[in-house]
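S.K.: structure of the sequence below:
(chains A and B)
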2 protein chains.
Amino acid sequence: MENFEFCSPTKIIFGRGMESRVGAETKKYANKVLLHYSGGSIKKSGLYEKVTQSLREAGVEFVELGGVQPNPRLSLVREGIALCREHKLEMVLAVGGGSVIDSAKAIALGVPYSGDVWDFFANRAVPAEALPKGVVLTIPAAGSEASKSAVITNEDGWYKWGLNVELNRPQFAIMNPELTFTLPPYQTACGAVDIMAHIMERYFTNVTDVDLTDRLCEGALKSMIRNTLIAIKEPDNYAARAEMMWAGTLAHNDLLGTGRIGDWAAHMIEQEISAIYDVAHGAGLAVVFPAWMKYTFKRNLNTFIKFAVRVWDVDYDFDQPERTAWEGIRRLEDFYRQIGMPVTLAELGVPDDRLEEMARKAMKPWLTSVGAVSQFTSEDILEVLKLAR
Amino acid sequence: MENFEFCSPTKIIFGRGMESRVGAETKKYANKVLLHYSGGSIKKSGLYEKVTQSLREAGVEFVELGGVQPNPRLSLVREGIALCREHKLEMVLAVGGGSVIDSAKAIALGVPYSGDVWDFFANRAVPAEALPKGVVLTIPAAGSEASKSAVITNEDGWYKWGLNVELNRPQFAIMNPELTFTLPPYQTACGAVDIMAHIMERYFTNVTDVDLTDRLCEGALKSMIRNTLIAIKEPDNYAARAEMMWAGTLAHNDLLGTGRIGDWAAHMIEQEISAIYDVAHGAGLAVVFPAWMKYTFKRNLNTFIKFAVRVWDVDYDFDQPERTAWEGIRRLEDFYRQIGMPVTLAELGVPDDRLEEMARKAMKPWLTSVGAVSQFTSEDILEVLKLAR
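M.R.: Down below sits the predicted model:
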């Protein structure tokens, strides 16, 4: 086990009807906030009404900024920063999923900073402060509601870069599983793939003696497999939606990574795909993860066998243990198919004529390799992308 | 799943040599602190030297109060409160295990309160503020390093009462598994029993649809079983000590109880035993828990079967499922014996002539039953104690 620091200070307020508490919680931090969201879905669902009413009742003024897109854009972040400065807003309240929250995090970092907020994502500056952030979560997926990460896409070159700093953690996150009943199966599945990827990136470590977190990861994965299958079939199954929603937070608040070194190569490769083709992050991961596994499993065979046996209940093959690992990868792919996810670039609708460009871009200027465990070169990444065709 | 709030703000600093950071971490909150500990063991081990040197280097002044006993006493808490007031101390730094930390928590609550600190434990007042608290942990057991609970024994009547409030959570906890190498097997085992009891009190709920936390609990229990057996045999096995130490924190910071209703009857019954006979809390729990299980398992059969199958790998008995549950209880008892724990009151050295008194005292004046799930009367508790003889 590696030495570690862990602190997950975001206050989670979880359960039916909890969105009515957003005003009172927000008021603890601010009198004037930026209300940040995506588009019409929160208006159609009635959530917008509930949130703004709760804010008014608590005496919290707000300025609105909607329009966040999947793979949230730097231009809108800059707009948000300008709005906060102009109206002297003291907090950013994100109502939505990971894209809205990530956009809110970037705005919160940019407001007190005299330079350009992209400096932080481009590794040219380290943030010293941020506005507080609150969340009303509508999509379990990114885990951004309690995580320290934010990923922003710079349209000038279509760079999709992430920033992991403690300052990014929201002050509170309100999570009502009922708000996810209206998520269509495809989006539900994308979220599940993302959540499971956050767990697996931490699980496939080369750090030994991490028994407790191994087992916590395995339990979370088993629960995700079971409950995703239910939620796809029964969109308004509260129990299944609740398990997925809470798993999504725990998958990415770093609890499951304590003492471990995560890999993140699959995430970094996927980011290059969705930066260019604007595909859903989860769908991209469903394509990249099995390819990454097939390319890399022999380097970390025991962990892949453990994954197969403990997560997928694969019978250990005593004669040819390697087959056990293969069977685990096969079952993951099967599961992705079962929940309607693509598992090849072709199924994802991504042509194979820019694989070299993606492999090259994945190698950020400040990196010498990709993936803390994988230690990939551009050549390795290209091989993974080819396996994903 | 029940609605819940969850926030675990204690900053965990985990790993080899981390005690050297205590001065710098403390300095963030205070210039003058109460250094609170038990007895000679931290001086013999050299930890006292390391901690005080780190405090001096960081420019933190300290006043000392040693002498904390297992089942920490109200009289010493009052002494600590007086010392803090006299020297205008701004923080309590606990160096030790659960007793020291609980004592520190009570002192931290008492300093800013104009009445008597026992008011909080006797349910006569609710605390509004507390001094900050820091921890250097030496015994994985109580989970007090990140929990909201504190248990104090009032020598005037030998009442051992607990208080659960968010204010009790320490600001930071420094956890170096190496500091636990010198724990003798009996104390190691007592700690393991306590940690597992914290998980099981949450596990045996009657709340349904708690799949994720079920699995997290099961994983943590499996890891505890495995690593306790190793640590008992190899006291300086870093990996095993580290797993136990981190499990001890997660067992009681409420993560594993999210969305569930815990029971706590076994804990409340044990508290009556250790209040009178001053036995180690863990040893008392090893006696009470199996008796509680035998008395109550039929009311919650499915969960006890799940416990047997998933935690102890018991083969499901399709003909007589109840036998599956029995086998799980039997294996837990076996495990306790294997790590040198008593499983009867006689083995614990507790006579059976005051069982009625304990059963009566367990029913605190403000309770109508004991155990949120068990809903025990004094008569039920007496039956459990009789089963434990």
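S.K.: going by C-alpha atoms from here, please, whenever you check contacts or count neighbours.
M.R.: Fine.
S.K.: what's the domain layout of chain A?
M.R.: Annotated domains of chain A cover A:11-179, A:185-387 [automatic domain parsing].
S.K.: chain center to the last one: distance?
M.R.: Going back to what we said before, that points to domain A:185-387. 12 Å (C-alpha atoms, centre = their mean, to the nearest Å).
S.K.: what's the end-to-end length of it?
M.R.: Across domain A:185-387, the terminal residues are separated by 27 Å (C-alpha to C-alpha, to the nearest Å).
S.K.: can you tell if that domain touches chain B?
M.R.: Yes: shown here: domain A:185-387 in contact with chain B (C-alpha under 8 Å from any C-alpha of the partner chain) through A:209-212, A:215-216, A:219-220, A:223, A:239-240, A:242-243, A:247.
S.K.: what do you get for stretch A:137-157?
M.R.: No: Stretch A:137-157 lies out of reach of chain B by C-alpha under 8 Å from any C-alpha, never closer than 10.4 Å.
S.K.: list the buried residues of that stretch.
M.R.: Burial within stretch A:137-157, assessed by neighbour count using 16 or more other C-alpha atoms under 10 Å in any protein chain shown, is assigned to A:137-154.
S.K.: again, but for stretch A:228-238
M.R.: Judged by neighbour count (16+ other C-alpha under 10 Å), stretch A:228-238 contains these buried residues: A:228, A:229, A:230, A:231, A:232, A:235, A:236, A:237, A:238.
S.K.: now swap in stretch A:302-318 and tell me
M.R.: Those would be A:302-312, A:314, A:316, for stretch A:302-318 by 16+ other C-alpha under 10 Å.
S.K.: mind listing which of these are in helices?
M.R.: Among the buried residues of stretch A:302-318, the members falling in helices (DSSP state H) are A:302, A:303, A:304, A:305, A:306, A:312.
S.K.: max pairwise distance over these: which two?
M.R.: Farthest pair in those (C-alpha to C-alpha) is A:302 and A:312. Separation: 14.7 Å.
S.K.: now do the phi/psi pair for the spatially most central residue of chain A.
M.R.: Centrality entry for chain A: nearest residue to the mean C-alpha point is residue A:142, 2.3 Å, by C-alpha atoms, centre = their mean. Residue A:142 has phi and psi values of phi -70, psi -20 when expressed as degrees, to the nearest 10.
S.K.: in contact with it, which residues?
M.R.: A:97, A:98, A:191, A:194, A:195, A:248, A:252 (C-alpha atoms under 8 Å, 6 or more residues apart in numbering or on different chains).
S.K.: what's the separation between it and residue A:253?
M.R.: On the measure of C-alpha to C-alpha, residue A:142 and residue A:253 end up 10 Å apart.
S.K.: now swap in residue A:351 and tell me
M.R.: In this view, residue A:351 and residue A:253 are 34 Å apart by C-alpha to C-alpha.
S.K.: so which of these two has more stuff around it?
M.R.: residue A:253 (24 against 12; other C-alpha atoms under 10 Å in any protein chain shown).
S.K.: residues of stretch A:112-126 that come out buried?
M.R.: For stretch A:112-126, the neighbour count (16+ other C-alpha under 10 Å) marks A:112, A:113, A:117, A:118, A:120, A:121, A:122 as buried.
S.K.: helix, strand, or coil at the first one?
M.R.: Using DSSP: H, G, I helix; E, B strand; the rest coil, the three-state assignment for residue A:112 comes out as coil.
S.K.: so who does it touch?
M.R.: A:129, A:130, A:131.
S.K.: most surrounded residue in those?
M.R.: Result: residue A:131 is most packed of the contacts of residue A:112 (other C-alpha under 10 Å), 25 neighbours.
S.K.: now that one, what's its secondary structure?
M.R.: coil.
S.K.: give me phi/psi at the closest residue to residue A:379 other than its chain neighbours?
M.R.: Distances taken as C-alpha to C-alpha, 6 or more residues apart in numbering or on different chains place residue A:359 nearest to residue A:379, at 7.3 Å, with adjacent residues excluded. When read as degrees, to the nearest 10, the backbone of residue A:359 gives phi -60, psi -40.
S.K.: ok, residue A:91 next?
M.R.: phi -160, psi 160.
S.K.: and the gap between it and chain B?
M.R.: Between residue A:91 and chain B the computed distance is 20 Å (C-alpha to the nearest C-alpha, to the nearest Å).
S.K.: any chance you could map the strands in the stretch 101-250 of chain A?
M.R.: A:133-137, A:149-154, A:159-164, A:172-175 (DSSP state E, counting those that start in this stretch).
S.K.: out of these, point me to the one whose mean pLDDT is lowest.
M.R.: Lowest mean pLDDT within those: strand A:159-164, a mean of 91.
S.K.: which strands and helices sit next to that one?
M.R.: In terms of contacts (3 or more C-alpha pairs under 8 Å, 6 or more residues apart in numbering or on different chains; DSSP states H and E), strand A:159-164 is packed against helix A:118-121, strand A:149-154, helix A:265-277.
S.K.: which outside residues touch the helix or strand where residue A:285 lies?
M.R.: Assigned by DSSP states H and E, residue A:285 belongs to helix A:281-296. For helix A:281-296, contacts defined as C-alpha under 8 Å, 6+ apart pick out A:71, A:189-194, A:197, A:266-267, A:269-271, A:273-274, A:326, A:329, A:332-333, A:336, A:341-345, A:348, A:374, A:383-385, A:387-388.
S.K.: got it, and stretch A:149-166?
M.R.: Outside stretch A:149-166, the residues touching it (C-alpha under 8 Å, 6+ apart) are A:71-75, A:101-103, A:105-106, A:120-122, A:144, A:148, A:168-169, A:271-272, A:275-276.
S.K.: just stretch A:234-250 next, same as before
M.R.: For stretch A:234-250, using C-alpha under 8 Å, 6+ apart, the contacting residues are A:15, A:139-147, A:175-178, A:180-185, A:192, A:195, A:220, A:223-224, A:227-228, A:230-231, A:256, B:1, B:209-212.
S.K.: report the mean per-residue pLDDT for that stretch.
M.R.: 98.
S.K.: could you dump the strands of the stretch 101-250 of chain A to CSV with distance to residue A:42?
M.R.: Listed next are the strands of the stretch 101-250 of chain A as CSV, based on distance: least, C-alpha to C-alpha, whole Å:
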stretch, distance to residue A:42
strand A:133-137, 11
strand A:149-154, 22
strand A:159-164, 26
strand A:172-175, 14
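S.K.: residue B:36 is nearest to which of these?
M.R.: Nearest to residue B:36, of all the strands of the stretch 101-250 of chain A, is strand A:172-175, at 33.1 Å by C-alpha to C-alpha.
S.K.: list the buried residues in the closest one.
M.R.: Buried residues in strand A:172-175, counted by 16+ other C-alpha under 10 Å: A:172, A:173, A:174, A:175.
S.K.: fine by me, we can end here.
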